[in-house]
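1. Below are the sequence and a predicted model; questions follow.
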Amino acid sequence: MGSACKATEYLIKNGHSKIGHIVGKRNTQPARHILFGFKKCLKKNKIKLNKDWIKQGDYSKESGYRRMKEILKEDIESMKNILFNI
């Protein structure tokens, strides 16, 4: 089980089901692999993937901050956890 899946499993086991992800540059193998693990883990746990909560970053702090704000604008009341990969 990869790191994205382990982190996602941790959140799920602690009662969270609204989980987003900030992925690195999608044209890289590591970013694609981590995003795949995240999606696979949600599916395995029968948690609906909200594509609006998946944002692409560039591994910088500024990018992570901007993408986090975008995700929170989507549904700030129900979004409790964000899974980062920055």
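-> Cool, the structure landed.
2. Could you verify that Gly20 is part of a strand?
-> Yes: Gly20: assigned to a strand according to DSSP: H, G, I helix; E, B strand; the rest coil.
3. I'd like to know how many residues surround it.
-> Around Gly20 there are 25 other residues, counting by other CB atoms under 10 Å. Using the backbone N, CA and C atoms, a C-beta is placed for each residue, glycine as well.
4. Might one say that it is in contact with Lys55?
-> Yes: here Gly20 reaches Lys55: they are 7.5 Å apart, a contact under CB atoms under 8 Å.
5. Common neighbours of these two, please.
-> Here Gly20 and Lys55 have Ile71 as joint contacts, going by CB atoms under 8 Å, 6 or more residues apart in numbering.
6. Quick one: the strands in the chain, in order.
-> Ranges of strands within the chain are 19-23, 54-56, 81-84, based on DSSP state E.
7. State the pLDDT value of Met1.
-> The model reports Met1 with a pLDDT of 57.
8. what do you get for Lys80?
-> For Lys80, the pLDDT comes out at 53.
9. Let's see stretch 41-48 as CSV, backbone CA atoms only.
-> The C-alpha coordinates for stretch 41-48 follow below in CSV (Å, rounded to 0.1, in the frame of the first residue of the first chain):
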residue,chain,number,x,y,z
CYS,A,41,-8.4,3.8,-1.6
LEU,A,42,-11.5,5.8,-1.8
LYS,A,43,-13.1,3.3,-4.1
LYS,A,44,-12.1,0.4,-1.9
ASN,A,45,-13.8,2.1,1.1
LYS,A,46,-16.9,3.0,-1.0
ILE,A,47,-16.3,6.7,-0.6
LYS,A,48,-17.4,8.9,-3.5
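10. low pLDDT regions in the protein?
-> Counting by pLDDT under 70, the chain contains low-confidence ranges at 1, 75-86.
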